[in-house]
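Chemist: no sequence for this one, just the structure:
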Ligand code: DGY
């Protein structure tokens, strides 16, 4: 029997995952834009699966050239450049790795929250520079007992909420509709959630639907003692408004793993000492990246065992 053909669309899929796929499938790609174009032109009609990341464009025009496509397995949680609507219209299954990476990203959200509220980056510099001998380090802000607002309550938001609860925090959340059987207070509006939070964590998908969702008004509702944490996508926040609020003290602090135009981070943001910055490393551990690769392979294996 002829092996099932799949296309590795993105160069971001790790080599170990591609090797595991090659044991099971006839694998095309990865390659540069020109190579992918040539592969689609010659073999598009028999490609039944795609392994990709959310960063590679998978739009209507490309889908139209893949008539046999049944399943897309995304290595990342974010589906940024995948036209999910077009996939749904064709009944093409789509999986991502948000279950595999939720705990890792949640750990980072909690770390950024504590680092921002206790000013650990500045505290580290205080000790290293010898300033401790001259001055006491200023008091921080606690997390225990504080309200934590989750913008989004999927795999990642829920994993953050569980950790926060264990730390004595009080979760609340914002989603379009309340999550069934969830006891946390619900808000249907991001501004209302911000007004009801000491720590505001962005854990919703990016993409056009949520671009700019955390705007000037949402940031203003947080206030000078609050902390904003973003482990989702930079585009969800009005970055200039965030920088302004942090610089003027209208927002207390921020912990940011994602930015509007990565890897470019505005100088004004890099110069602030009430922010903690990370280079988009939410899922970046050996264990979790291995698990994410495994989830891509398992998803595509469905093509081998049709029900
Ligand atoms: C993803 O996989 O989309 C996350 O941003 C990982 O950090």
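Modeler: Thanks, I have it. Quick caveat, the model's predicted, so the values are computed rather than measured.
Chemist: can you show me the helices along this structure?
Modeler: 15-22, 33-43, 60-63, 84-90, 98-117, 120-128, 155-166, 190-195, 216-222, 239-248, 267-270, 286-301 (DSSP state H).
Chemist: in contact with residue 266: list those residues for me.
Modeler: Residues counted as contacts of residue 266 (C-beta atoms under 8 Å, 6 or more residues apart in numbering) are 239-240, 243. Just so you know, the C-beta spots here come from the backbone N, C-alpha and C atoms, and that holds for glycine as well.
Chemist: residue 249: which of the residues you listed is nearest?
Modeler: Using C-beta to C-beta, residue 243 comes nearest to residue 249 of the contacts of residue 266, at 12.4 Å.
Chemist: buried subset of the contacts of residue 266?
Modeler: Neighbour-count burial (16 or more other C-beta atoms under 10 Å) is assigned, among those, to 239, 243.
Chemist: dump the contacts of residue 266 to JSON lines, plus distance to residue 168 and pLDDT.
Modeler: Converted to JSON lines, the contacts of residue 266 look like this (distance: C-beta to C-beta, whole Å; pLDDT from 0 to 100):
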{"residue": "239", "distance to residue 168": "32", "pLDDT": "98"}
{"residue": "240", "distance to residue 168": "35", "pLDDT": "98"}
{"residue": "243", "distance to residue 168": "31", "pLDDT": "98"}
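Chemist: for the contacts of residue 266, which one is nearest the ligand?
Modeler: Minimum distance to the ligand across those is 16.7 Å, recorded for residue 239 (C-beta to the nearest ligand atom).
Chemist: give the contact list for the closest one.
Modeler: Residue 239 is in contact with 259-260, 266, 269, counting by C-beta under 8 Å, 6+ apart.
Chemist: neighbour-wise, which of those leads?
Modeler: residue 259 (21 neighbours; other C-beta atoms under 10 Å).
Chemist: quick check: residue 12 vs residue 267, distance?
Modeler: Distance, residue 12 to residue 267, by C-beta to C-beta, to the nearest Å: 28 Å.
Chemist: between these two, tell me which one has more neighbours.
Modeler: Under the criterion of other C-beta under 10 Å, the comparison of residue 12 against residue 267 puts residue 12 first, with 15 against 8.
Chemist: returning to that earlier point: and the ligand, which of the helices of the chain is closest to it?
Modeler: Ranking those by proximity to the ligand (C-beta to the nearest ligand atom) places helix 98-117 first, at 5.6 Å.
Chemist: re the thing from before, just give me the closest of the contacts of residue 239 to the ligand.
Modeler: Nearest member of these to the ligand, counting by C-beta to the nearest ligand atom, is residue 259, at 11.7 Å.
Chemist: give me the mean pLDDT for stretch 73-89.
Modeler: Average pLDDT, stretch 73-89: 96.
Chemist: how far does it stretch from start to finish?
Modeler: The separation between the terminal residues of stretch 73-89, taken as C-alpha to C-alpha, to the nearest Å, is 17 Å.
Chemist: buried residues, it. List them.
Modeler: If you call a residue buried by 16+ other C-beta under 10 Å, then stretch 73-89 has these buried ones: 73-80, 82-84, 86-87.
Chemist: then stretch 56-65?
Modeler: Here stretch 56-65 shows 56, 58, 62-63 as buried, counting by 16+ other C-beta under 10 Å.
Chemist: flag every residue of the stretch 51-200 of the chain that's near the ligand.
Modeler: The stretch 51-200 of the chain has residues 54, 76-78, 101, 105 near the ligand, with proximity defined as C-beta under 6 Å from any ligand atom.
Chemist: turn the residues you listed into JSON lines, including distance to residue 204.
Modeler: Shown next, in JSON lines, are those (distance: C-beta to C-beta, whole Å):
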{"residue": "54", "distance to residue 204": "14"}
{"residue": "76", "distance to residue 204": "15"}
{"residue": "77", "distance to residue 204": "11"}
{"residue": "78", "distance to residue 204": "11"}
{"residue": "101", "distance to residue 204": "15"}
{"residue": "105", "distance to residue 204": "13"}
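Chemist: identify the farthest-apart pair in those residues.
Modeler: 54 and 105 (14.0 Å).
Chemist: deepest-packed of the helices of the chain, please.
Modeler: Counting by mean count of other C-beta atoms under 10 Å, helix 98-117 has the highest mean neighbour count of those, with a mean of 23.
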